[in-house]
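A.B. asks: generate coordinates for the sequence data below:
(one chain, ligands or ions: 1)
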Amino acid sequence: MTQSISRPSSVAEKDQVLREKVFAAVEEYYQFKFANRQFIPGQTYVPVSGKVFDELELIKLVDSSLDFWLTTGRFAAEFEARFAEWMGVKHCLLVNSGSSANLLALSALTSPKLGDKRLKPGDEVITVAAGFPTTVNPIFQNQLVPVFLDVNLPGCDIDVDKLDEALSDRTRAIMVAHTLGNPFNLDAVMAFAQKHDLWVIEDNCDAVGSVYNGKKTGTFGQIATVSFYPAHHMTMGEGGAVLTSDTRLKKILESFRDWGRDCWCPPGVDNTCNKRFGWQLGELPEGYDHKYTYSHVGYNLKMTDMQAAVGVAQLDKLPQFVKKRAENFEFLHKKLQDLQDVLILPEPTPNSEPSWFVFLLLVKEDAPLTRNELVRHLEEKRIGTRLLFGGNLVRQPLYQGWNYRVVGELTNADKVMHGAFWLGVFPGLTEEMLTYVSDTMHARQEMICRGGFRDNPGNTKTRYISKPAPPGYISAMTFIFFIKYINWLSIITYLFYLSI
Ligand SMILES: Cc1ncc(COP(=O)(O)O)c(C=O)c1O
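C.D. replies: Numbering: from 1, shown residues only. From the prediction side, this is the model:
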């Protein structure tokens, strides 16, 4: 723990008694405000993601607020220790977002303390084109050069067959996400990295709890990152973490996170090194305060203790969250089996057990409806959808004119951009909600089969429009047409008559 609040026991007891009173009120408030939400199909929105919590998160949040420590503190220390253990790594450093975690992870590899292994401007980092921008942005930010590879479908994992082609004499690192929870081929990537002496950063933001060859993702590369944004496997509102088992890297990461300073004292603590005024570094005078000595171009990316307190409560629920995500994924996968002539369903990478972030669907190119049309329809029916982030990132406006390399055609990244979308599988979704999602998808398919919709004009195949529309359906449509248009016609004629 970083903050030590030592008080006479009577003060401590009084403190505890008052806190308990507040916690009881918080519990009552939780019951009043958040418990027992009702689901009404077609009316209640089915979100793609969301916070799943109970009174325990609120109580921890209030507990940390009553400390009024505000900056990173006792809850952060507890979370870091417990999460590192759960993940199976030596060190966890909390930061204020998954994007900050990515920035920190790659920036740390530019440290002069790494000697010849440090990344220098112009060095190349292998990544993928289909994904989230902040996996890639730290590469540009550090004046390095991203080398974009395509992904496999439907897993959206890096196409490892292109790794050899991607290699140049400037290749130094691989930074790739386990996209949407599905692990990439770690056997191939780690073997390639070992052969060519490359750093590996696993962006594990979408994949907490995913397993590859019996081992958690985020434990293979030298550094991994995690996001605790509400959409993710567990949340702190905003938040992220950097994981490593390399103690030298941990010290460098800490320095970059905490203003770039050389000192490693936690907030509120002085002289951990026992020679605060005994150093001579750079061209600073002898004995210059170590607290204000800087060895890296750092930032302040720390997390507040209130966020960490929520994380502590969420961590207790994490194994259940992972299990429920897997169940929801399986449920949807079974339900949507019969739509495979129109949709490509998600499949895990061989040797992996994904902790699915979402349920990714690809609308087939020859399907009688487009991805956009299907997504619009689902949203109209109060079902949340999202795209696979930035699609093919090299087509995004922000990267135009930047220095990067592309290997191959990025055909699948383009397919993702045009045809993919995802539905939620987060633990807040019930079977009732997922059944409604599945029924709505099937009802849509029914309409297409009856010839009610032909949204994909490029499609010349008719195999989906094979069922003849029943006579009752045709007369109903004629009646609707009559009501809808003939009335309007009489009104317009009448208005026209009035005007002359
Ligand atoms: C793969 C990946 N990396 C990084 C991030 C960034 O995380 P954050 O939103 O916490 O900055 C995300 C966000 O969803 C992500 O999906």
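
A.B. asks: mind jotting down where the strands sit in this structure?
C.D. replies: Counting by DSSP state E, the chain has strands at residues 91-95, 124-128, 145-149, 171-177, 199-203, 211-212, 215-216, 223-227, 240-244, 343-344, 352-353, 358-363, 405-406, 420-424.

A.B. asks: tell me what angle the fourth one forms with strand 124-128.
C.D. replies: Using axes from the mean of the first three to the mean of the last three CA atoms, to 10 degrees, the inter-axis angle of strand 171-177 relative to strand 124-128 is 20 degrees.

A.B. asks: ok, strand 171-177 near the ligand or not?
C.D. replies: Yes - interface with the ligand: strand 171-177 contributes Ala177 (CB under 6 Å from any ligand atom). Bear in mind the C-beta positions are built from the backbone N, C-alpha and C, glycine included.

A.B. asks: what are the contacting residues of that strand?
C.D. replies: 102, 105-106, 109, 119, 123-128, 131-132, 135-136, 138-139, 144, 147, 158, 184, 189, 192-193, 196, 198-207, 221 (CB atoms under 8 Å, 6 or more residues apart in numbering).

A.B. asks: quick one: Gly384 from Glu27, how far?
C.D. replies: In this view, Gly384 and Glu27 are 30 Å apart by CB to CB, to the nearest Å.

A.B. asks: show me where this structure has helices.
C.D. replies: With helices called from DSSP state H, the chain shows them at 9-33, 55-67, 74-87, 98-108, 133-141, 163-166, 186-196, 247-257, 305-335, 371-380, 411-419, 431-449, 471-481, 487-499.

A.B. asks: ok, which of those comes nearest the ligand?
C.D. replies: Set against the ligand and scored by CB to the nearest ligand atom, these come closest in helix 98-108, at 2.5 Å.

A.B. asks: I'd like to know which elements the closest one is packed against.
C.D. replies: On a contact count with 3 or more CB pairs under 8 Å, 6 or more residues apart in numbering; DSSP states H and E, helix 98-108 meets strand 91-95, helix 133-141, strand 171-177, strand 199-203, strand 223-227, strand 240-244, helix 247-257.

A.B. asks: residues in contact with the most centrally placed residue in the chain?
C.D. replies: By CA atoms, centre = their mean, the mean C-alpha position of the chain lies nearest to Asp206, the distance being 4.0 Å. Shown in contact with Asp206 (CB under 8 Å, 6+ apart): 177-181, 227, 232, 357.

A.B. asks: low-confidence ranges in this protein?
C.D. replies: For the chain, residues meeting the criterion pLDDT under 70 lie at 1-7, 445-500.

A.B. asks: that one against the ligand: which residues are in contact?
C.D. replies: By CB under 6 Å from any ligand atom, the residues of the chain that approach the ligand are 97-99, 102, 132, 134-135, 177, 203, 205-206, 227, 229, 240.

A.B. asks: closest to Ile59 out of these?
C.D. replies: Nearest to Ile59 out of the residues of the chain next to the ligand is Tyr229 (CB to CB; 22.1 Å).

A.B. asks: tell me, how many neighbours does that closest one end up with?
C.D. replies: As a burial measure, Tyr229 scores 16 neighbours (other CB atoms under 10 Å).

A.B. asks: that one contacts Thr235, doesn't it?
C.D. replies: Yes - under the criterion of CB atoms under 8 Å, Tyr229 makes contact with Thr235 at 6.7 Å.

A.B. asks: contacting residues around the residue of the stretch 351-500 of the chain at minimum distance from the ligand?
C.D. replies: For the stretch 351-500 of the chain and the ligand, the shortest gap (CB to the nearest ligand atom) falls at Phe389, measuring 6.4 Å. Residues near Phe389 by CB under 8 Å, 6+ apart: 130-133.

A.B. asks: redo that, cut-off 7 Å
C.D. replies: Applying CB atoms under 7 Å, 6 or more residues apart in numbering, we find Phe389 in contact with 131-132.

A.B. asks: Asp316 too?
C.D. replies: By CB under 7 Å, 6+ apart, Asp316 lies in contact with nothing.

A.B. asks: if you set the cut-off to 10 Å instead, what comes out?
C.D. replies: Residues in contact with Asp316 (CB atoms under 10 Å, 6 or more residues apart in numbering) are 56-57, 60, 82, 234.

A.B. asks: also Met234?
C.D. replies: Met234 is in contact with 51-53, 83, 208-209, 226-228, 310-311, 313-318, 321-322, 427, counting by CB under 10 Å, 6+ apart.

A.B. asks: again, only using 8 Å
C.D. replies: 208, 228, 311, 314-315, 317-318, 321.

A.B. asks: now do Pro41
C.D. replies: Shown in contact with Pro41 (CB under 8 Å, 6+ apart): 432, 436.

A.B. asks: go on, Lys324?
C.D. replies: Applying CB under 8 Å, 6+ apart to Lys324 gives the contacts Pro427.

A.B. asks: more crowded one of Gly384 and Glu27?
C.D. replies: Ranked by neighbour count (other CB under 10 Å), Gly384 and Glu27 place Gly384 first, with 18 against 15.

A.B. asks: quick one: that one and Leu429, what's the gap?
C.D. replies: For Gly384, the distance to Leu429 - CB to CB - is 10 Å.

A.B. asks: that's all I had, so thanks and see you.
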